[in-house]
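> Here is my input, please return the structure:
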Amino acid sequence: KDGKSSKDGKSSKDGKSSKGSNQKKGKKANTDTNAVGLVEHLAYFSNPAFDPMGFTRKYPTSVVVDSQDNIYMAMNTGREILKWSQDGTLTTVVENLPGSSPEDCEAFSVSNGFPFTLPNTSPTAITFGDDENIMYALVNLCIEEDERNGVYKIDLSTGSFEIVTGIPRFDGKGISATGDPDIWNGLDYHNGNIYVTNSFYGEVWCAPADGSDVATLWSADPLVNLYPTIEGANGILYHDGAIYVSNSGTGNVVKLGLPEGDGCGAAVSAVVHADIGVGCDEFAFAEDGTIFCGNILNGVYRWKEGEGQGTLILDRDNYFFDVTNSVAFGKADKNQIYIVNSGIFLFNGIAPSLVRVQVAETGYSY
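This is a model prediction of the structure:
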């Protein structure tokens, strides 16, 4: 989801620079802003100019679509999940997810020598479970030792939620141990398990979605673990028998093989599936294998097999995109993609928005 706590223009304590993260150095991406049809901004949210640190502002960083093309958005720092219906109504379906106060976040950040106040990213990412009544949401609070950090199972019929796995905090990582925060970022569900990425440490973790066991390290393969900037493993998606992860630092989408039986275990293989040329956040597959992904610095990219690197099709200047976090295909109309543009406070101050775009490609049927 990125743009989440990205330290643009600053350096982490281990010397990795985040400047230019999500954009590979020395390469210029292709651009084709005539590659899409109708572009509609369906909803705008609060303007970051009124709340530059994002403690009361709500901005969307993850989007999922149900079979009726209702759109669900993780309102990062807002502690809620919104539903946009095709008649244009916005409904809060989940509220009061865990959060810490601005004062506590500031005190924790100062005590650990961090250069700015870490925000609550609650919720960071969302995904459906086995059916559309169950959703999982990832909660990152500014205080890493807070036991409310983790993945929550949500009953959408009631809005109730419960934690099913916490984020491991005793693995020698995190701001208290290394100076870099744990940014648990991407989230997906497959076959009874939940998969989570840790962006600042380039890892993928797995846990049973029923809460029967703790999360375990599933992959720290160099293709997701090594990256030239501050952010590695980001968006994550089960697709066609494998787990795919975007490495924002290298500009690649990596394919990770599932172990026999699809259990947590550990990934059995890793290969670069797509060289997008820029860092992706959350992404989506079309039936023909085309990938659409959000890039926080520029907009939306499309990658087609055989065309080399990705092509910028929805740019910031023409379409008012700023920190594009997540892309998902419609399920009723599979030639539409839905995009959340978080407008996170570090960049240009464009209001966060939900956007619908007509494309020629047909979304993959899951």
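> And the residue nearest to Pro168 when sequence neighbours are not counted, how far from Ile163?
Ranked by Cβ to Cβ, 6 or more residues apart in numbering and with sequence neighbours excluded, the top spatial neighbour of Pro168 is Ala215, at 6.0 Å. Backbone N, C-alpha and C define where each C-beta goes, glycine included. Distance, Ala215 to Ile163, by Cβ to Cβ, to the nearest Å: 11 Å.
> So for the two, which residue has more residues nearby?
For the pair Ala215 and Ile163, the greater number of neighbours falls to Ala215 (22 against 15), based on other Cβ atoms under 10 Å.
> shouldn't the more buried one be in contact with Trp205?
Yes. Contact between Ala215 and Trp205 holds when scored by Cβ atoms under 8 Å: they sit 4.6 Å apart.
> which residues are common contacts for the two?
Common contacts of Ala215 and Trp205 (Cβ atoms under 8 Å, 6 or more residues apart in numbering): Pro168, Val196.
> what sits against the residue in the chain sticking out farthest from the centre?
Seen from the C-alpha centroid of the chain, the residue lying at the greatest distance (Cα atoms, centre = their mean) is Ser111, 27.8 Å away. By Cβ under 8 Å, 6+ apart, no residues touch Ser111.
> make it 10 Å
By Cβ atoms under 10 Å, 6 or more residues apart in numbering, the contact list for Ser111 reads Ile175, Ser176.
> That one and Glu144: what is the separation?
12 Å.
> now swap in Pro228 and tell me
Counting by Cβ to Cβ - Pro228 and Glu144 are separated by 25 Å.
> Comparing the two, which residue is more hemmed in?
Remark: of Pro228 and Glu144, Glu144 carries more neighbours, 20 against 14, as counted by other Cβ under 10 Å.
> thinking that one is in contact with Gly166, fair?
No. Glu144 is beyond contact range of Gly166, at 11.2 Å (criterion: Cβ atoms under 10 Å).
> and Glu260, how many neighbours?
Glu260 sits with 7 neighbouring residues when counted by other Cβ under 10 Å.
> Could you double-check that it sits in contact with Val268?
Yes. Under the criterion of Cβ under 10 Å, Glu260 makes contact with Val268 at 8.0 Å.
> Can you work out which residues contact both of Ser111 and Glu144?
Common neighbours of Ser111 and Glu144 (Cβ under 10 Å, 6+ apart) are Ile175, Ser176.
> okay, how far is it across stretch 175-193, tip to tip?
27 Å (Cα to Cα, to the nearest Å).
> Restrict the helix ranked longest in the chain to CA atoms and write it as PDB.
Assignment by DSSP state H gives helix 102-111 as the longest helix of the chain. Provided in PDB are the C-alpha atoms of helix 102-111 (Å, rounded to 0.1, in the frame of the first residue of the first chain):
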ATOM      1  CA  PRO A 102      -1.400  11.500  18.400                       C
ATOM      2  CA  GLU A 103       0.300  12.300  21.700                       C
ATOM      3  CA  ASP A 104       1.300   8.700  22.300                       C
ATOM      4  CA  CYS A 105       2.600   8.400  18.700                       C
ATOM      5  CA  GLU A 106       4.700  11.500  19.100                       C
ATOM      6  CA  ALA A 107       6.200  10.400  22.400                       C
ATOM      7  CA  PHE A 108       7.100   6.900  21.000                       C
ATOM      8  CA  SER A 109       8.700   8.400  17.900                       C
ATOM      9  CA  VAL A 110      10.700  11.000  19.800                       C
ATOM     10  CA  SER A 111      11.900   8.400  22.400                       C
END
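> Now that helix: buried residues?
Under the neighbour-count criterion of 16 or more other Cβ atoms under 10 Å, helix 102-111 has Pro102, Cys105, Glu106, Phe108, Ser109 buried.
> all helices for the stretch 51-200 of the chain, in order.
Counting by DSSP state H, counting those that start in this stretch, the stretch 51-200 of the chain has helices at residues 102-111, 175-178.
> Tyr244 against Val253, yeah?
Yes. Shown here, Tyr244 and Val253 form a contact pair, counting by Cβ under 10 Å, at 5.7 Å.
> Look at the two and report which has more neighbours.
Using other Cβ under 10 Å as the criterion, Tyr244 and Val253 rank with Val253 on top: 25 against 20.
> Sticking with the more buried one, tell me its helix or strand.
Per DSSP states H and E: Val253 is located in strand 252-257.
> Next SSE downstream of that strand?
Taking DSSP H and E, what comes next after strand 252-257 is strand 269-275.
> before we move on, back to that, for the residue nearest to Pro168, list the residues it contacts.
Contacts of Ala215 by Cβ under 10 Å, 6+ apart are 150-151, 164-168, 184, 193-196, 205-208, 264.
> let's see 7 Å
Thr165, Pro168, Val196, Trp205, Cys206, Ala207 (Cβ atoms under 7 Å, 6 or more residues apart in numbering).
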